[in-house]
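Visitor: Show me the folded form of this:
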Amino acid sequence: MKRNDGIKTVSEIITESFGAYLKNNYKVLVLLFVTLAVTVSLCFVKISTTNTIASFNINDYEVGQIADVTIKAIKTLPADYDNPIPIEKGEKVIRKGFPITEEGYAKLKKMSESPVYIDYRAFANSIIYHILMVVLFFFFFSKIYFKTNMIEFNELVTECVFYMIVFASVIFGSKLTYLSSPFALCAIIPGPLFVFLIAILFGQLNAVFFSIMISLAVLNASSYQLVPFLFVLASSFASSRLVRKIDRRTDMVFVSVLQAVLNAVFIIIFKIIFNGSFANGLGSIVGVILNGFFSGILCLGLLTPLELLLNTASVFRLMDLSDLNNPVMKKMLVTASGTYNHSLMVASLAEAACNEVGANPLLARVGAYYHDIGKMDNPEYFVENQGGGENIHKEINPSLSASVIRTHVKRGIEKAHALRLPKPVIDIISEHHGNQVIAYFYNEALKINPDVSPEDYSYSGNPPSTKESAVVMLADTVEAACRSLDKPSVPRLEKFITTLMTAKIDQKQLEDCNLTFNDITKIHDAFVQILAGYYHSRTKYPDQKDPDGPQAQQNNGENQPRSSEESVKAVEEKESKAEDKKTEDKKVEEKKSEPKKSLKEKAEKIARSSNEKEKKEKN
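Guide: Here you go, the predicted model:
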């Protein structure tokens with residue numbers, strides 16, 4: 001039968017879906033394959049250098065013991081200087097149910113020390129184990145847990161490198177004689193160090209999942225001994241928790257001490273549970289204490305280069321960016337003072353709201369500081385920087401005004417990339433206007449042409465994808481709009497802010513950011529509280545006077561009695577001043593007309609360059 005044209009078969013759909021997935025995720029798949037290959041290679045090194053025969057360790061046998069299995073020689077081994085006993089292929093070295101003789105034990109030892117006897121069964125088990133680890137990795141770092149903030153590739157690379165280092169440390173550490181004890185082995189596993197770094201650089205949830213992954217890796221590398229597995233799991237969970245609330249680099253010293261204490265507590269508990277010796281095990285306790293302490297100190301030293309290399313939004317990086325004395329904020333203060341003050345107020349609103357809804361207040365504050373850096377190139381086109389003077393947009397058409405206004409988002413993104421700001425901050429800059437219509441200029445354009453398209457007057461960004469980005473959008477809108485509100489009392493602010501936030505919901509700007517209606521209410525209340533304090537009224541002081549009132553003029557001596565000669569001179573001076581003022585007004589008007597022309601020409605250039613960039617991006 002012929003299938004209908006245009007109808008795809010199941011196999012075609014599966015093939016296309018698989019092909020699209022490979023195209024979008026080939027980097028991750030290659031990374032996981034390399035990680036799997038390295039760990040499997042380490043497993044081969046471990047198994048090939050371990051004295052095992054047919055999945056049984058030589059240490060499990062002794063002379064005179066009744067054998068519980070029959071072991072045959074699969075290779076012929078000639079006699080040598082160290083082991084002068086020859087072994088023939090197919091020979092039964094020991095028999096099940098019979099005691100092990102000295103000759104049989106010598107042959108077992110010769111087989112276990114020979115490089116040709118590799119326990120391929122154990123090797124195959126390790127391969128299957130690590131394939132399951134890859135599946136677990138996909139489960140942990142998938143859209144199930146990271147729906148909005150997808151894991152960046154550089155983060156996956158970092159975690160895979162850390163995973164391989166932990167696995168290798170256990171593989172080679174267990175080969176050392178003084179680390180053969182499972183309690184002593186815990187002292188060299190760098191789990192807390194890497195969990196510290198993951199938690200600070202990428203977040204606590206990532207650190208928790210990474211803790212589970214390295215604990216399972218340690219379980220396989222230590223030949224399935226429970227003590228190292230449980231110790232790494234407990235200490236790693238503790239590490240991810242200890243750095244959850246730190247906001248200063250000096251806090252890492254206190255974290256280091258606390259981690260050292262917890263490591264000692266964990267190892268003592270496990271010694272009690274597994275009947276470990278305290279008399280000969282003081283070295284392992286001291287070792288894990290030093291491990292915990294130096295993990296925090298090394299983390300402090302590695303953070304700065306890793307922050308710069310990975311360009312992450314860690315708490316310390318955000319604290320550095322929130323410093324208002326940095327060159328970018330200083331330049332904004334000088335070139336666009338209105339935008340600077342607006343950004344500070346938006347930051348206060350966003351930080352307070354994020355504290356209420358469980359979002360990252362520091363990220364929201366930094367994002368609010370930088371959300372309008374695109375206005376620094378052309379500050380005169382934005383009303384907050386015009387100082388109450390004439391608005392240039394009254395002299396140009398609405399389409400040109402809209403083009404100039406929306407370019408500040410693109411310029412802000414370009415500046416953010418040039419400054420190497422973290423991606424979450426850049427996302428806030430690109431999403432703080434979403435794809436909403438520039439309402440004022442769109443309404444002005446409708447008066448001229450009722451058939452005008454709203455897309456021509458809309459921002460080209462995407463709606464907010466995170467809570468922090470959505471909060472900054474709402475704070476930006478509320479702060480700007482409330483400045484135009486007459487007599488901003490608390491009831492008026494509540495109603496006005498409700499109207500503004502409802503409009504954002506109606507415009508579908510908050511659909512992708514995981515904000516609930518309960519969160520919206522909390523954000524609303526936080527905004528009202530901050531703005532009510534900002535717009536509070538003050539009582540007048542008893543001696544307070546209006547500088548433009550009649551009392552001020554009396555103080556200047558203009559209404560004091562004069563003689564007749566003085567009055568004549570005063571009249572003449574007034575007439576001459578009036579003539580001078582007329583000439584000055586003419587000059588001022590001429591000067592004003594020149595910048596209007598230049599600003600109009602500049603606006604046209606900005607619009608042309610913006611349109612050219614949009615065409616290039618589309619092509």
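Visitor: Lowest average confidence across helices and strands of this structure, where is it?
Guide: Here the helix or strand of the chain ranked lowest by mean pLDDT, DSSP states H and E is helix 550-555, holding a mean of 52.
Visitor: Torsion angles phi and psi at the residue nearest the centre of the chain?
Guide: Nearest residue to the geometric centre of the chain (Cα atoms, centre = their mean): Ala313, 4.6 Å. When read as degrees, to the nearest 10, the backbone of Ala313 gives phi -90, psi 60.
Visitor: which stretches of the chain form strands?
Guide: Using DSSP state E, the strands found in the chain span residues 52-53, 56-57, 71-72, 92-94.
Visitor: Lowest mean pLDDT across the ones you listed, which one is that?
Guide: The weakest mean pLDDT among these belongs to strand 52-53, with a mean of 54.
Visitor: now Glu390: how far from Thr339?
Guide: 19 Å (Cβ to Cβ, to the nearest Å). Where you see a C-beta, it was placed from the backbone N, CA and C, and this is true even at glycine.
Visitor: Count the residues that sit near Ala336.
Guide: If you count neighbours by other Cβ atoms under 10 Å, Ala336 ends up with 23.
Visitor: which residues does it contact?
Guide: 372, 375-376, 379, 382, 385 (Cβ atoms under 8 Å, 6 or more residues apart in numbering).
Visitor: Would you map the helices across the stretch 251-400 of the chain?
Guide: For the stretch 251-400 of the chain, the helices defined by DSSP state H, counting those that start in this stretch occupy 251-273, 282-310, 315-321, 327-335, 337-357, 361-370, 398-418.
Visitor: Let's have those in a markdown table, adding mean neighbour count and distance to Ile87.
Guide: Putting the helices of the stretch 251-400 of the chain into a markdown table (neighbours: other Cβ atoms under 10 Å; distance: least, Cβ to Cβ, whole Å) gives the following:
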| stretch | mean neighbour count | distance to Ile87 |
| --- | --- | --- |
| helix 251-273 | 18 | 41 |
| helix 282-310 | 18 | 39 |
| helix 315-321 | 19 | 62 |
| helix 327-335 | 15 | 75 |
| helix 337-357 | 22 | 72 |
| helix 361-370 | 26 | 67 |
| helix 398-418 | 20 | 67 |
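Visitor: Of the ones you listed, which is nearest Pro488?
Guide: helix 337-357 (13.3 Å; Cβ to Cβ).
Visitor: Rounded mean pLDDT for that closest one, please.
Guide: 93.
Visitor: ok now that helix, how far from the chain's centre?
Guide: 20 Å (Cα atoms, centre = their mean, to the nearest Å).
Visitor: same check, this time on stretch 65-76
Guide: Taking the mean of its C-alpha atoms, stretch 65-76 sits 57 Å from the chain's own mean (Cα atoms, centre = their mean).
Visitor: Can you point out the buried residues in it?
Guide: Counting neighbours by 16 or more other Cβ atoms under 10 Å, one finds that the buried residues in stretch 65-76 are 67, 71, 73.
Visitor: contacting residues for the last one?
Guide: Put plainly, it is Ala73. Going by Cβ under 8 Å, 6+ apart, Ala73 touches 87-93, 107, 111.
Visitor: Now do it, the pLDDT please.
Guide: For Ala73, the predicted pLDDT is 74.
Visitor: what does Ser593 give?
Guide: 48.
Visitor: In space, what's closest to Asp320 - neighbours in sequence excluded?
Guide: Nearest non-adjacent residue to Asp320, counting by Cβ to Cβ, 6 or more residues apart in numbering: Asn326, 7.9 Å away.
Visitor: again with Ile94
Guide: Distances taken as Cβ to Cβ, 6+ apart place Ala67 nearest to Ile94, at 4.4 Å, with adjacent residues excluded.
Visitor: sorry, back to before: what count of nearby residues applies to the residue nearest to Asp320?
Guide: 13.
Visitor: gap between it and Ala313?
Guide: 16 Å.
Visitor: what residues are up against the nearest residue to Leu333 once chain neighbours are set aside?
Guide: Distances taken as Cβ to Cβ, 6+ apart put Tyr340 closest to Leu333, at 4.6 Å, once the chain neighbours are dropped. The contact partners of Tyr340, by Cβ under 8 Å, 6+ apart, come to 329, 332-333.
Visitor: Could you do Asp323 as well?
Guide: Asp323 sits in contact with Met329, where contact means Cβ under 8 Å, 6+ apart.
Visitor: Can you give me the pLDDT of it?
Guide: Per-residue pLDDT puts Asp323 at 90.
Visitor: Before we move on, what's the pLDDT of the closest residue to Ala532 other than its chain neighbours?
Guide: With Cβ to Cβ, 6+ apart as the criterion, Ala532 has its nearest non-adjacent residue at 5.0 Å, and that residue is Val490. We note a pLDDT of 87 for Val490 in this prediction.
Visitor: next one: Arg244
Guide: Predicted confidence (pLDDT) for Arg244: 84.
Visitor: Kindly report the same for Thr148.
Guide: Turning to Thr148, the model gives it a pLDDT of 54.
Visitor: The one 10 residues further on now?
Guide: Reading off the confidence values, Thr158 has pLDDT 93.
Visitor: ok, and the closest non-adjacent residue to Ile268?
Guide: Ile285 is the one closest to Ile268 (Cβ to Cβ, 6+ apart), at 6.8 Å.
Visitor: quick one, what contacts that neighbour?
Guide: Shown in contact with Ile285 (Cβ under 8 Å, 6+ apart): 264, 267-268.
Visitor: from what I can see Pro398 touches Tyr442, true?
Guide: Yes - between Pro398 and Tyr442 a contact is recorded at 7.4 Å, counting by Cβ atoms under 8 Å.
Visitor: Overlap of the contact sets of the two?
Guide: Taking Cβ under 8 Å, 6+ apart as the contact rule, Pro398 and Tyr442 both touch Tyr457.
Visitor: I'd like the contacts of Ala73 as JSON lines, with neighbour count and distance to Gly276 appended.
Guide: Below are these laid out as JSON lines (neighbours: other Cβ atoms under 10 Å; distance: Cβ to Cβ, whole Å):
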{"residue": "Ile87", "neighbour count": "22", "distance to Gly276": "39"}
{"residue": "Glu88", "neighbour count": "10", "distance to Gly276": "44"}
{"residue": "Lys89", "neighbour count": "10", "distance to Gly276": "43"}
{"residue": "Gly90", "neighbour count": "10", "distance to Gly276": "44"}
{"residue": "Glu91", "neighbour count": "14", "distance to Gly276": "41"}
{"residue": "Lys92", "neighbour count": "12", "distance to Gly276": "39"}
{"residue": "Val93", "neighbour count": "22", "distance to Gly276": "35"}
{"residue": "Lys107", "neighbour count": "23", "distance to Gly276": "35"}
{"residue": "Met111", "neighbour count": "23", "distance to Gly276": "32"}
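Visitor: Could you double-check that the residue nearest to Ile94 sits in contact with Tyr105?
Guide: No - contact criterion Cβ under 8 Å: Ala67 and Tyr105 do not qualify, at 10.3 Å.
Visitor: hey, what's in contact with both of these two?
Guide: In contact with both Ala67 and Tyr105: Tyr61, using Cβ under 8 Å, 6+ apart.
Visitor: Might you list the low-confidence residue ranges for the stretch 251-400 of the chain?
Guide: Along the stretch 251-400 of the chain, segments meeting pLDDT under 70 span 279-280, 388-389.
Visitor: rerun that using 80 as the cut-off
Guide: Within the stretch 251-400 of the chain, the stretches with pLDDT under 80 are 276-281, 386-396.
Visitor: which of the contacts of Ala336 has the most neighbours?
Guide: Top of the contacts of Ala336 by neighbour number is Lys375, holding 27 neighbours under the definition other Cβ under 10 Å.
Visitor: now the residue nearest to the centre of the chain: how far from Phe162?
Guide: According to Cβ to Cβ, Ala313 stands 19 Å off from Phe162.
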